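# Sequence first, then the predicted structure, then my questions.
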Amino acid sequence: MLSPELSREVQMQFLRPAQLEARAKAFPVVYVPFGPIEWHGRHLPLGTDALKAHGVLCKTAERFGGVVYPPLFLHDGWGQQHLIPALSALFERLKAMGFRVIVAVSGHNVREMIAMMDAALQPVVADGTVRGVALWEVTLSQGEESNTDHAAKWETSDMLFLYPDRVNLAELGEGEINLDAKPPSGIAGLDPRKHASTQVGARCIELAAEAIGRKAQELLASLPEEYRSFGLEAIEPSRWWIV
């Protein structure tokens, strides 16, 4: 069974220069998770979306290689006229630092998030030396065993798997609750008290991670051969490495 532990060996913020260099040279892919601070029922953390995306991407990197950027807690409602240039600057920096594939993944499953991330990627990939893609965490795996909702069966299951100490289903009580995303519950989907489980979350995340990893492999292989390797000879002070 997939382990819920998220390896620090794939998370950029925990890596020393030589560790990052080794991972980037082996598979020059960087994964960037996104999500807002948002109501997810009374039983889930406010950061569920980004935490979920980050967890999926850590599992992707553990299986396929590459490194995971720290989760970005933001959303399209801040104003895309401001966010798109800022995200393009981040992606440009990751490109300049040697990565060849940028995988941007939102755990906040609204079309506006994907449009924003995709718009930010377009000027970065335009010269053909890098590839990029914007996805929801289940875009490539959506089906009977890997899906999403809002704080209901799927998201609760994901968090039961990744962060069980942050989930408290007792907060929902035992009575009937509305499942139409409206107040007072703010939950949309199947009742998590009846349908959510650690096992459901583990399988959902496993399938999502596998699908994203395969996509990253395809994107890297689609580049001209001279651009499939990490773009720097080394991570060292002569080429100061800052994102």
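Sure thing, it's come through. Numbers count the residues shown, from 1 in each chain.
# Run the chain-centre distance for the helix or strand His82 falls within.
His82 belongs to helix 80-96 when elements are defined using DSSP states H and E. Centroid displacement of helix 80-96 relative to its chain, using Cα atoms, centre = their mean, to the nearest Å, is 17 Å.
# likewise stretch 188-205?
That offset, for stretch 188-205, works out to 19 Å (Cα atoms, centre = their mean).
# just stretch 108-119 next, same as before
For stretch 108-119 - counting by Cα atoms, centre = their mean - the centre lies 13 Å from the chain centre.
# swap in stretch 146-153?
15 Å.
# which residues sit against the helix holding His82?
30, 32, 69, 74, 76, 102, 104, 112, 115-117, 119-121, 123-124, 129-130, 132, 231, 242-243 (Cβ atoms under 8 Å, 6 or more residues apart in numbering). For the C-beta atoms, the positions are set from N, CA and C on the backbone; glycine is no exception.
# Average pLDDT for that helix, rounded please.
Averaging pLDDT along helix 80-96 gives 96.
# again, but for stretch 175-191
On average, stretch 175-191 scores 97.
# Distance across that stretch, terminal residue to terminal residue?
11 Å (Cα to Cα, to the nearest Å).
# what comes up buried for it?
Ile177, Leu179, Ser185, Gly186, Ile187, Ala188, Gly189, Asp191 (16 or more other Cβ atoms under 10 Å).
# Buried among the contacts of helix 80-96? Need that as a selection in ChimeraX.
Buried residues among these (16+ other Cβ under 10 Å), as a ChimeraX selection:
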select :30,32,69,74,76,102,104,116,117,119,120,121,124,130,132
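# Go through the contacts of helix 80-96 and flag which are in helices.
Judged by DSSP state H, these include Glu112, Ala115, Met116, Met117, Ala119, Ala120, Leu121, Pro123, Val124 as members of helices.
# For these, please prepare CSV with the additional fields pLDDT and distance to Gln142.
Listed next are the ones in helices among the contacts of helix 80-96 as CSV, based on pLDDT from 0 to 100; distance: Cβ to Cβ, whole Å:
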residue, pLDDT, distance to Gln142
Glu112, 95, 19
Ala115, 96, 18
Met116, 97, 20
Met117, 97, 18
Ala119, 98, 23
Ala120, 98, 23
Leu121, 98, 21
Pro123, 98, 29
Val124, 98, 26
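# No more questions from me, cheers.
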